[in-house]
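*Asks:* Below: sequence and its predicted model.
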Amino acid sequence: MEVEDGMKAANAQYDVSTMYIGPTFISIDEHIKYIEIAIASNADGIITTAPDPEAFTPFINKAVAAGIPVVLLDADAPDSNRNFYAGTSNYKGGVIHAAIVQNPFEMGRLGVELLYQIQEGMGPYEQIIDTGVTVVTANNVNNYK
């Protein structure tokens, strides 16, 4: 079940109305525009993700200051005034991923492309992968603005 399908089912179950909106491509600027629209519309609440915590924090704080509860999913902005965060531990995910990819990469080089929100998961690569494997890239979602 997709997130939007679950949201529609909850709409019927709890007799509420929600909107599933946002850019269909990775764009921090477009994502923030949708949050600004929700604030200007005086939404009853905002559920979103914060793939670039520094960029999102002022808008999350603006929403909360306006009395709009903000829930973050998957990518947190821990220094914001968000009301709630639900997501995975990216560090632990990195530990698991590093253990999985360790064996297939005998050639000694591993390119890893990561979104901003999982860069904290890079640590396990240095800790778990044998010294013969070198992590050669870690790209930031900010490159896609």
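*Replies:* Now that the structure is in, tell me what you want to look at.

*Asks:* Next one: K8 from G22, what distance?
*Replies:* With distances taken as C-beta to C-beta, to the nearest Å, K8 is found 16 Å from G22. Backbone N, C-alpha and C define where each C-beta goes, glycine included.

*Asks:* and what of A40?
*Replies:* 16 Å.

*Asks:* next one: Y85
*Replies:* Distance of Y85 to G22, computed by C-beta to C-beta: 18 Å.

*Asks:* Could you work out the end-to-end span of stretch 75-83 for me?
*Replies:* Stretch 75-83 has an end-to-end distance of 14 Å (criterion: C-alpha to C-alpha, to the nearest Å).

*Asks:* Which positions in that stretch come out as buried?
*Replies:* Within stretch 75-83, the residues that count as buried by 16 or more other C-beta atoms under 10 Å are 75-77, 80, 82.

*Asks:* quick one: which of those is nearest F56?
*Replies:* Closest approach to F56 among the buried residues of stretch 75-83 (C-beta to C-beta): A77, at 5.0 Å.

*Asks:* returning to what we had before: ok, the buried residues of stretch 75-83 vs G67, which is closest?
*Replies:* Closest to G67, out of all of these and judged by C-beta to C-beta, is R82, at 13.9 Å.

*Asks:* How about the contacts made by the closest one?
*Replies:* R82 is in contact with 50, 60, 64, 70-72, 76, counting by C-beta atoms under 8 Å, 6 or more residues apart in numbering.
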